[in-house]
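Asker: here is the input, now give the coordinates:
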Amino acid sequence: MKKLIALIVTVFSVLQLTAQTVKIFYKESQEDFANPERGFYFPTGTKASDFQLLDSQRMSRFRYHLQAIDGVASPVNISLVYRGYELDIFKDKPLSDVFLQSLQKDFDIIRSTGLKLVLRFAYTNATHGGDCKDEYKICPPYGDAPVHIVMQHVQQLKPLLRKNADVIAVLQQGFIGIWGENYFTDHFGYAGLDGTGRILDSSWQHRNTFLKALLDAMPKDRMVQVRTPQIKQRFVYGPGAATNSAAITAKEAFTQSDKARTGLHNDCFLASEDDYGTFYDYGNSVSKRDTANIVLRKYFEAESRYVAVGGETCDDAYSPQNDCEPAGHAESEMKRMHYSYLNALYNTKVNNDWDSGGCMKNIKRKLGYRLLLRSTVLPKKITAGKKFTITLRLENTGYASPFNPRPVQLILRNKKTRQVIALNFNTSVQKWFTGKIYLQQPFILPAATAKGEYELLISMPDGYKSLQSNPAYSIRLANEDVWEETTGYNYLLHNLHVQ
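Answerer: So this is what the prediction gives:
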């Protein structure tokens, strides 16, 4: 009898709950659209000796209109701009006030146009040949700056980097070597045959001290990407770190520690067997340089789940491996290594092969995160001052989670007065990895909340207050009929009554 009574009570409770709530299913959108801090970026750069400010009108068109770019077969949506600053006239002296003021103007332009930056500084982007042993005939001297000048420049840039972190999606380590790619360098240890043939411990220490300074120059909620996985290993574990050093763990991820804030960029994605030295052991004082492709790829795959990852292609010679499936494995590589962004312009041969091969549409949609709302269970009516529960079932069909923090808010908007009430979910979008996402949380409206009909919406605005009122910086769900372009809200297709 007791079991029967318990069963009756349970059934009654379920029926009562069903009567008080509604379950809504949402239709997936196949549209390719811009979302913050992900996708194909547009590359730009300028020299300190001839500083050309960003074109604000052009940048605005990038964010709000599909871009047809010369040499690129497939138009792209843009939310990211790569900005490279070549410090060519400052290799032996401090940065000038004029340069720093121009840099601030660029940040202001980006902020006004709804875009964010992938940011890098370098001292030279030029190579020259000669009688040297390098296999690519890139010969010394390479033209970067000595250690003390680099450290001085980082300290000069620190106030600007912190002031403008809201529009810096991620900072790349840069500074060292040609293109800021940390290889062809005169001052930080060159591992090529025209140098020591390895990076000695003293040079790794210089690199580590510099990277630490760069991390300290940025706020704790922003990441700094390094060019190769070994750079991170040697930073985290010291110059003697082995190539099979452990990747970051789920417990360590997103803790704002230096380890958690050090991301990865690969500027030769699927360009060769080891991506032109990306997955290579450059040695130290007791070990020679050597191949390490398999073990470093495994490290990159594990590490990339929890940090910002991006880059560019640089050579189409590694075909069919860099082609669409089934001939190649471009998409599966992006998924395994959790890519959030790639260069729209380099290498155009590779990118255009993806277009002709039929996988570009998928890549454009899936770079970074793509958040899809599957269903909700929502109350039909609630009483102000009393608890009510919201249930969301989502899915991230992209390659990665959002790598920067931002709030997730339940929005109640009064249909008559348009008053907005925002309630925060206790969740981290950085942990919304590829796959299913389940959110269930109780909320309580203030007892003084006005009675009436309210629309229910979800908002995922930028993490910085300076950008939270700009819908261009809010995440759009990949569903039909939910996005509000003017507010940055996602409508849950449901109204509830507050009594």
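
Asker: could you pull out the strands for the stretch 301-450 of the chain?
Answerer: Residue ranges of the strands in the stretch 301-450 of the chain, as given by DSSP state E, counting those that start in this stretch, are 309-311, 341-343, 371-379, 381-382, 387-396, 409-414, 420-424, 435-444.

Asker: where exactly do the helices run in the stretch 1-150 of the chain?
Answerer: For the stretch 1-150 of the chain, the helices defined by DSSP state H, counting those that start in this stretch occupy 2-20, 56-64, 97-112, 147-163.

Asker: contacts for the third one, please.
Answerer: By that I understand helix 97-112. Helix 97-112 has contacts (Cβ atoms under 8 Å, 6 or more residues apart in numbering) with 48, 51, 53-54, 56, 59-60, 81, 83, 85, 90, 116-117, 156-157, 160, 163-164, 166-167, 466-467. All C-beta atoms are positioned from the backbone trio N, CA, C, and that covers glycine.

Asker: residues in contact with residue 185?
Answerer: Residue 185 touches 142, 144, 176, 177, 178, counting by Cβ under 8 Å, 6+ apart.

Asker: you'd agree the fourth one is up against residue 184?
Answerer: So that's residue 177. Yes. Taking contacts as Cβ atoms under 8 Å, residue 177 lies within contact range of residue 184: 4.8 Å.

Asker: now do the shared contacts for those two.
Answerer: residue 142.

Asker: quick revisit: which among the contacts of helix 97-112 end up buried?
Answerer: 48, 51, 54, 59-60, 81, 83, 85, 90, 116-117, 156-157, 160, 164, 166-167, 467 (16 or more other Cβ atoms under 10 Å).

Asker: of those, which belong to strands?
Answerer: 81, 83, 85, 116, 117 (DSSP state E).

Asker: if we take the residues you listed, which one ends up nearest to residue 256?
Answerer: Distance to residue 256, by Cβ to Cβ, is smallest for residue 116 among those, at 19.4 Å.

Asker: report the beta-bridge partners for that closest one.
Answerer: residue 80 (DSSP bridges).

Asker: any idea how far it is from residue 35?
Answerer: 11 Å (Cβ to Cβ, to the nearest Å).

Asker: joint contacts of those two?
Answerer: residue 79.

Asker: number of residues surrounding residue 45?
Answerer: When neighbours are counted by other Cβ atoms under 10 Å, residue 45 registers 13.

Asker: equivalent analysis for residue 286, please.
Answerer: 10.

Asker: same question, residue 215
Answerer: 20.

Asker: show me what the helix or strand hosting it is packed up against.
Answerer: Per DSSP states H and E: residue 215 is located in helix 201-217. Counting by 3 or more Cβ pairs under 8 Å, 6 or more residues apart in numbering; DSSP states H and E, the packing neighbours recorded for helix 201-217 are helix 147-163, strand 224-226, helix 229-237.

Asker: next, the angle helix 229-237 makes with that helix.
Answerer: Here the directions of helix 201-217 and helix 229-237 differ by 80 degrees (axes from the mean of the first three to the mean of the last three Cα atoms, to 10 degrees).

Asker: for helix 201-217, buried residues please.
Answerer: Quick answer for helix 201-217 (16+ other Cβ under 10 Å): 201, 203, 204, 206, 207, 208, 210, 211, 214, 215, 217.

Asker: can you tell me which two in the ones in strands among the buried ones among the contacts of helix 97-112 are farthest apart?
Answerer: 85 and 116 (16.0 Å).

Asker: helices of the stretch 351-499 of the chain, start to end?
Answerer: Under DSSP H, counting those that start in this stretch, the stretch 351-499 of the chain gives helices at 360-366.

Asker: low-confidence stretches in this protein?
Answerer: 1-18 (pLDDT under 70).

Asker: again, only using 90
Answerer: Residues of the chain that meet the criterion pLDDT under 90 lie in 1-19, 135-136.

Asker: what's the domain layout of it?
Answerer: Partitioning the chain according to automatic domain parsing yields domains covering residues 16-31+371-498, 39-366.

Asker: would you work out how far apart the start and end of the last one are?
Answerer: Spelled out, that is domain 39-366. End-to-end span of domain 39-366 (Cα to Cα, to the nearest Å): 8 Å.

Asker: quick check: residue 274 touching residue 294?
Answerer: No. Using Cβ under 8 Å, residue 274 makes no contact with residue 294, being 9.5 Å away.

Asker: ok, those two, which is more surrounded?
Answerer: Using other Cβ under 10 Å, the more surrounded residue of residue 274 and residue 294 is residue 274, with 16 against 11.

Asker: which one is that one nearest to, not counting chain neighbours?
Answerer: Nearest residue to residue 274 in three dimensions, chain neighbours excluded: residue 293, at 4.3 Å (Cβ to Cβ, 6 or more residues apart in numbering).

Asker: phi, psi for the one you found please.
Answerer: phi -60, psi -50 (degrees, to the nearest 10).

Asker: now do the contacts for residue 309.
Answerer: Neighbours of residue 309 in contact, by Cβ under 8 Å, 6+ apart: 225, 263, 264, 265, 266, 337, 338, 339, 340, 400, 403.

Asker: what separation do you get for it and residue 346?
Answerer: 17 Å.

Asker: swap in residue 73?
Answerer: 14 Å.

Asker: these two: which is more packed in?
Answerer: residue 346 (18 against 14).

Asker: list the buried residues in stretch 242-255.
Answerer: Quick answer for stretch 242-255 (16+ other Cβ under 10 Å): 243, 245, 247, 248, 253, 254.

Asker: what distance separates the start and the end of that stretch?
Answerer: Stretch 242-255 end-to-end distance (Cα to Cα) = 24 Å.

Asker: tell me the contacts of the residue nearest to residue 95 when sequence neighbours are not counted?
Answerer: Among residues not flanking residue 95 along the chain, residue 156 sits closest, at 4.9 Å (Cβ to Cβ, 6+ apart). Contacts for residue 156 were tallied using Cβ under 8 Å, 6+ apart; they are 94, 95, 100.

Asker: in a markdown table: those, plus distance to residue 112 and neighbour count.
Answerer: Shown next, in a markdown table, are those (distance: Cβ to Cβ, whole Å; neighbours: other Cβ atoms under 10 Å):
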| residue | distance to residue 112 | neighbour count |
| --- | --- | --- |
| 94 | 29 | 13 |
| 95 | 24 | 21 |
| 100 | 19 | 14 |
